[in-house]
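# take a look and give me a structure for this.
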Amino acid sequence: MTRSISVSIIIYVITQTSISHAYPIFAQQGYENPREATGRIVCANCHLANKPVDIEVPQAVLPDTVFEAVVRIPYDMQVKQVLANGKKGALNVGAVLILPEGFELAPPDRISPEIKEKMGNLGRGQIYPDGSKSNNTVYNATAAGVVSKIVRKERKGGSEITIKEASDGHQVVDLVPPGPELLVSEGESIKLDQPLTSNPNVGGFGQGDAEIVLQDPSRVQGLFFFLASVILAQIFLVLKKKQFEKVQLFEMNF
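Below is the predicted model of the structure:
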């Protein structure tokens, strides 16, 4: 069963500029700005798979108003992701929203209880900001040769794969954390960078852009005044026409 989860972000339009760092703490340790110069969000450096995402925002808003930005992320409810301890768990979902100057998250006292129920947080990456791999990715052989020994760690989980290099007989040990399933066995010949495990990643990263027009209240008031004047002018023209028709009818009777 596939469904689309909606992550609601409540935005508050203000007149002063404020800066906040609300992207994941892992990313904050490695990136000062959540958006790179190319426009790509830094989350893509750790969440390597590509996933679709759809963003819905109002076409236009007024200052000092609260509105909702909805991020829709389709996913399969039957799919389980690898947790940090190597076990399988539910796939979690979240979003990072970068706002223009003058926009900020709405304060709690301006968010209705109905909207609060929609809000939630996601997902495990394949690489940590320091460059090390998580257990939610594929592990490749660091040498070419023959798998001489595989030791499974019962206590902490994971495996130690010893590879005897074909060139000089040197032994290389590759550590695999708990979670990914091994694809190789003892005595098997492998190549450099050959996958030793399956790829357990079922998540991904998607990015989209949306435009919001910040309306000037005086312009909106001016538009209403113009429309009202046009409507009144039309009404007066119709009344004048009716009056003229009555005068013509009166003159024809005489």
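
# would you mind listing the buried residues in the longest helix along the chain?
In the chain, taking DSSP state H as the definition, the longest helix is helix 217-253. Residues of helix 217-253 include none that count as buried (16 or more other CB atoms under 10 Å). Glycine gets a C-beta too; all of them are placed from N, C-alpha and C.

# what mean pLDDT does that helix get?
Averaged over helix 217-253, pLDDT sits at 85.

# distance from that helix to the middle of the chain?
Counting by CA atoms, centre = their mean, to the nearest Å, helix 217-253 is centred 52 Å from the centre of its parent chain.

# Leu227 and Leu214: what is the separation?
Remark: distance between Leu227 and Leu214 (CB to CB, to the nearest Å) = 21 Å.

# my bad, Ser132
From Ser132 to Leu214 the distance is 42 Å (CB to CB).

# for Glu211, give its distance to Asn33.
For Glu211 relative to Asn33 (CB to CB), the value is 21 Å.

# ok so, going back, neighbour-wise, which of Ser132 and Leu214 wins?
The neighbour count for Ser132 versus Leu214, taken as other CB atoms under 10 Å, is higher for Leu214 (13 against 7).

# what's opposite that one in the beta bridge?
Val61 (DSSP bridges).

# that one touches Pro63, doesn't it?
Yes. Leu214 is in contact with Pro63 according to CB atoms under 8 Å; the separation is 7.0 Å.

# elements contacting the longest helix of the chain?
Counting contacts by 3 or more CB pairs under 8 Å, 6 or more residues apart in numbering; DSSP states H and E, helix 217-253 packs against no other helix or strand.

# any chance you could map the strands in the protein?
With DSSP state E as the criterion, the chain has strands at 2-13, 54-56, 60-61, 66-76, 80-82, 88-90, 103-105, 145-152, 159-165, 171-176, 189-190, 213-214.

# would you mark the buried spots in the fourth one?
The neighbour-count criterion (16+ other CB under 10 Å) identifies Val66, Phe67, Glu68, Ala69, Val71, Arg72, Ile73, Tyr75 as the buried residues of strand 66-76.
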